[in-house]
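Novice: build me a model from this:
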Amino acid sequence: MRLERRGKAILIYLSGDRILAFHQRMSGKLLITPLGFKDKHIRKRFRLSSGKDLVFHDVRKFGIIWYGPEERVLEDRYFVKLGSDALTVDFSRFRELLTKHRGMIKPLLLRQDVLAGVGNIVADEVLWKAKIHPRRKLATFAKKEFKNLYQAIRYIVSKSIRLGGTTMRDWLHPDSSEGRYYQARFVYQRAGEKCRRCSAIIKRIKVASRGTFICEKCQK
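Specialist: As a prediction, this is how the structure comes out:
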């Protein structure tokens, strides 16, 4: 058995060339629980050889579960349409992907068919790190700004993974431990607080209908 991340999905490769995969979406989480543990938000339950259960707990029911032969699962539209992975794409390919598009940078970062693995939290953190306003148009970017953005993505995604992700309300790891990135965040959900770089006040704005946190002094 081996584990793999593709975009925001978790893939578990099983014997017999089969895959069990999950997309946790807004409220889904995988938990290892005692055998027969009951909770009204458990959507699926899988028996483990250890005698415990692996359960998919999803309050808002947005999560997705795939199971079947490897070839069939990976032919699902979600996996077929995934763009290059944000953590492994090289700079030349990254710049090529972005320069194919027009419009504002933040909505593009959130498009999984362009760059897989960047969500709303990571996008805000990355743009702050790169000193780029989320409404900046791609057509105005200089080569140095593409490089800064590329390096910021690698830094923020790697840091988030190293700290175990972001626990804000009830999201947990399967062993019930919390992700620690929220405590280390630079700008996300810090409206009214001082910027850690310049001490200006962080503000919340809307960009393409998404709540967005910025430092207007750093991100012009």
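Novice: got the domain boundaries for this structure?
Specialist: Listed by automatic domain parsing, the domain ranges of the chain are 2-81, 84-214.
Novice: in this protein, where is pLDDT below threshold?
Specialist: Within the chain, the stretches with pLDDT under 70 are 167-173.
Novice: in it, which spans are helices?
Specialist: Residue ranges of the helices in the chain, as given by DSSP state H, are 70-74, 77-81, 91-99, 105-109, 120-129, 143-162, 181-184.
Novice: is it possible to get a markdown table of those helices that adds distance to Asp58 and mean neighbour count?
Specialist: Just so you know, the C-beta spots here come from the backbone N, C-alpha and C atoms, and that holds for glycine as well. Listed next are the helices of the chain as a markdown table, based on distance: least, Cβ to Cβ, whole Å; neighbours: other Cβ atoms under 10 Å:
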| stretch | distance to Asp58 | mean neighbour count |
| --- | --- | --- |
| helix 70-74 | 19 | 14 |
| helix 77-81 | 16 | 13 |
| helix 91-99 | 31 | 14 |
| helix 105-109 | 25 | 21 |
| helix 120-129 | 19 | 24 |
| helix 143-162 | 21 | 17 |
| helix 181-184 | 20 | 16 |
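Novice: Ala200: which of those is closest?
Specialist: helix 120-129 (11.5 Å; Cβ to Cβ).
Novice: please state the offset of that closest one from the chain centre?
Specialist: 11 Å (Cα atoms, centre = their mean, to the nearest Å).
Novice: can I get it as PDB, trimmed to CA atoms?
Specialist: Extracted C-alpha coordinates of helix 120-129, given in PDB (Å, rounded to 0.1, in the frame of the first residue of the first chain):
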ATOM      1  CA  ASN A 120      -8.000  30.000  -0.800                       C
ATOM      2  CA  ILE A 121      -5.800  30.100   2.300                       C
ATOM      3  CA  VAL A 122      -2.600  29.200   0.300                       C
ATOM      4  CA  ALA A 123      -3.400  31.800  -2.400                       C
ATOM      5  CA  ASP A 124      -3.700  34.600   0.100                       C
ATOM      6  CA  GLU A 125      -0.500  33.600   1.900                       C
ATOM      7  CA  VAL A 126       1.400  33.200  -1.400                       C
ATOM      8  CA  LEU A 127       0.400  36.600  -2.800                       C
ATOM      9  CA  TRP A 128       1.400  38.300   0.500                       C
ATOM     10  CA  LYS A 129       4.700  36.500   0.400                       C
END
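Novice: so which of the helices of the chain gets nearest Gly211?
Specialist: helix 120-129 (7.5 Å).
Novice: related to what we said a few turns ago, out of the domains of the chain, deepest packed?
Specialist: The highest average neighbour count among the domains of the chain, using mean count of other Cβ atoms under 10 Å, belongs to domain 84-214 at a mean of 17.
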